[in-house]
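> Could you work out the structure for the sequence below:
(one chain, ligands or ions: 1)
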Amino acid sequence: MTTVLETEEQQALREAVASFGKRFGRDYMMAKATAGEYPRELHEEAAKLGYVGVSLPEEYGGGGAGIYESSLVLEELGAAGAPLLMMIVSPAITGTVISRFGTEAQKREWLPGLADGSRIMAFGITEPDAGSNSHRITTTARRDGDDWLLTGRKVFVSGVDIADATLIVGRTEDARTGKLKPCLFIVPRDAPGFSRHPIDMELHAAERQFELVLDDVRLPAESLVGDEDAGLLQLFAGLNPERIMTAAFALGMGRYALGKAVEYARERTVWKQPIGAHQAIAHPLAVARIELDLAQLMMQKAARLNDAGDDLGAGEAANMAKYAAAEACVKAVDQAVHTLGGNGLTREFGLASLITGARVARIAPVSREMILNFVSHQTLGLPKSY
Ligand SMILES: Cc1cc2nc3c(=O)[nH]c(=O)nc-3n(C[C@H](O)[C@H](O)[C@H](O)COP(=O)(O)OP(=O)(O)OC[C@H]3O[C@@H](n4cnc5c(N)ncnc54)[C@H](O)[C@@H]3O)c2cc1C
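This is a model prediction of the structure:
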């Protein structure tokens, strides 16, 4: 898609990932989803080729590049029909947080595995009674000798079953001022008191979402990532990559759907010309392309700011990119399904399930409305209603 905006290495990476992704494609992903299995071969092979851990530091087995490269990988996998949702969570959020704020021991324990695909880490912040208002999270950590005891509930956490551990956002017990004072803990999958229940989602996807219960989960002191008092900063270090990567996920899906629709519209003929000759079909597809390209530009801006260390600037751009990409994706998928007529709803053409898939990017990790709130308040300086 892009040329002059990217270095030769980035373009080469884009091409290599695109052809790698096509080897798997949407049929592979759908077969995995139907079997209820994680696309492990895809994850592991992508990791071996250096794609999964491209943004992680070189000294811990990563590629030493940035979130720009990581988002490029996820976008191209998605455009090939084979996105790895866990790339958002595992290397981009948890890998970034550990790289930037983890202890030397945490880096050595986790980063090489996240990079080479042998380990995966999930990320849990959402709570049933807090939702979009993460200031209300009540998962609480209290000290017990040198250990921590973590208690609370989480919902919609992706991939906990296939992750070796989950990075849980809690708060310290004395921090009940109403202000978010998060702290981050690595909770191993099988820690006593840590239980998970799959949520029955209407998504045909290979990753599952879970409700989590943490009932006095005992964690050694070294499970805390970073500084107890700098939690918010640490959390933001992971949230900008999360939004940028979600934009990449949405862009990939939108590009995949648009590609299928264009292919179909070029061939399908029910009057004299292929249906793509009718402007009622062609123009919405052209709009979809324009909106996807615009969203891609904002994602690239956000990734560059992030990789340059401008967390504040990246915060605004990452929110805008996530918004733009999700909206472009939802519209592209909707138009793609419509372009295929009845075939848009058949399993054979495989587009209908993207309708719910596309909505994920509008809701998670931060909903469309919360981004509009952010831009209203932070960018435009308008007053808050809540
Ligand atoms: C497929 C999937 C995967 C996910 N994976 C993860 C994960 O790995 N880890 C994790 O922690 N979470 C995960 N989530 C959770 C996701 O981040 C939340 O669903 C999201 O933050 C929204 O929270 P909520 O569902 O509680 O909605 P709510 O907060 O209840 O919001 C419901 C609606 O109200 C609107 N709303 C709320 N407040 C306002 C306001 N002030 N102004 C205007 N509108 C408002 C919202 O925009 C939304 O439309 C996942 C969700 C999905 C669907």
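
> buried set for the helix or strand hosting I186?
Using DSSP states H and E, I186 sits in strand 182-188. Neighbour-count burial for strand 182-188 flags P182, C183, L184, F185, I186, V187 (criterion: 16 or more other CB atoms under 10 Å). All C-beta spots, glycine's among them, are computed from the backbone N, C-alpha and C.

> measure the residue lying closest to the third one once chain neighbours are set aside to E211 for me?
In space, not counting the residues next to it along the chain, L184 is nearest to V225; the distance is 4.3 Å by CB to CB, 6 or more residues apart in numbering. When CB to CB, to the nearest Å is the yardstick, V225 and E211 sit 23 Å from each other.

> Who has more neighbours out of the two?
More neighbours surround V225 than the other of V225 and E211, with 23 against 17 (other CB atoms under 10 Å).

> ok, now which ones touch the more buried one?
Residues in contact with V225, defined by CB atoms under 8 Å, 6 or more residues apart in numbering, are V97, I98, F101, G102, Q106, L167, L184, F185, I186, Q234.

> Most neighbours among these, which one?
Counting neighbours by other CB under 10 Å, I98 leads these with 29 neighbours.

> do the helix or strand that residue falls within and the ligand meet at all?
Counting by DSSP H and E, the element that carries I98 is helix 96-101. No: using CB under 6 Å from any ligand atom, helix 96-101 stays clear of the ligand, with a minimum separation of 13.5 Å.

> and the next helix or strand after that helix with strand 182-188, angle?
The helix or strand immediately downstream of helix 96-101 is helix 104-116, counting by DSSP H and E. Angle between the axes of helix 104-116 and strand 182-188 is 70 degrees (criterion: axes from the mean of the first three to the mean of the last three CA atoms, to 10 degrees).

> Give me the mean pLDDT for helix 104-116.
Per-residue pLDDT over helix 104-116 has a mean of 97.

> what secondary structure does the residue of the chain found nearest the ligand sit in?
At 2.5 Å from the ligand, G131 is the closest residue in the chain, using CB to the nearest ligand atom. Three-state call for G131 (DSSP: H, G, I helix; E, B strand; the rest coil): coil.

> What distance do you get for it to P365?
Note on G131: its distance to P365, by CB to CB, is 12 Å.

> of the two, who's got more company?
Neighbour count, other CB under 10 Å: between G131 and P365, P365 has more, with 21 against 14.

> Give me every residue in the stretch 1-150 of the chain lying close to the ligand.
Proximity of the stretch 1-150 of the chain to the ligand, by CB under 6 Å from any ligand atom, involves residues V89, F123, G124, I125, T126, G131, S132.

> Next, the buried residues of the host helix or strand of the second one.
Take DSSP H and E as the rule and F123 turns out to sit in strand 121-124. Applying a neighbour-count criterion of 16+ other CB under 10 Å, one finds M121, A122, F123, G124 buried in strand 121-124.

> Hmm, the last one is touching I168, no?
Right, G124. Yes: using CB atoms under 8 Å, G124 is in contact with I168, at 4.9 Å.

> Show me what from the stretch 201-350 of the chain comes close to the ligand.
Residues of the stretch 201-350 of the chain lying near the ligand (CB under 6 Å from any ligand atom): Q209.

> all strands for the stretch 201-350 of the chain, in order.
With DSSP state E, counting those that start in this stretch as the criterion, the stretch 201-350 of the chain has strands at 209-219, 224-225.

> okay if I get these as CSV plus mean pLDDT?
CSV is the format used below for those (pLDDT from 0 to 100):
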stretch, mean pLDDT
strand 209-219, 98
strand 224-225, 94
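
> Return the most buried member of these.
Ranked by mean neighbour count, the strands of the stretch 201-350 of the chain are led by strand 224-225 with a mean of 22 (mean count of other CB atoms under 10 Å).

> residues contacting I355?
Applying CB under 8 Å, 6+ apart to I355 gives the contacts V333, D334, V337.

> ranking these by neighbours, who comes first?
Counting by other CB under 10 Å, top hit in the contacts of I355: V333 with 30 neighbours.

> so who does that residue touch?
Contacts for V333 (CB under 8 Å, 6+ apart) come out as M253, G254, A257, L351, L354, I355, G357, A358.

> Just put these in a markdown table and tack on distance to V52 and pLDDT.
Below are the contacts of V333 laid out as a markdown table (distance: CB to CB, whole Å; pLDDT from 0 to 100):
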| residue | distance to V52 | pLDDT |
| --- | --- | --- |
| M253 | 19 | 98 |
| G254 | 22 | 98 |
| A257 | 24 | 98 |
| L351 | 27 | 97 |
| L354 | 23 | 97 |
| I355 | 28 | 97 |
| G357 | 21 | 96 |
| A358 | 23 | 97 |
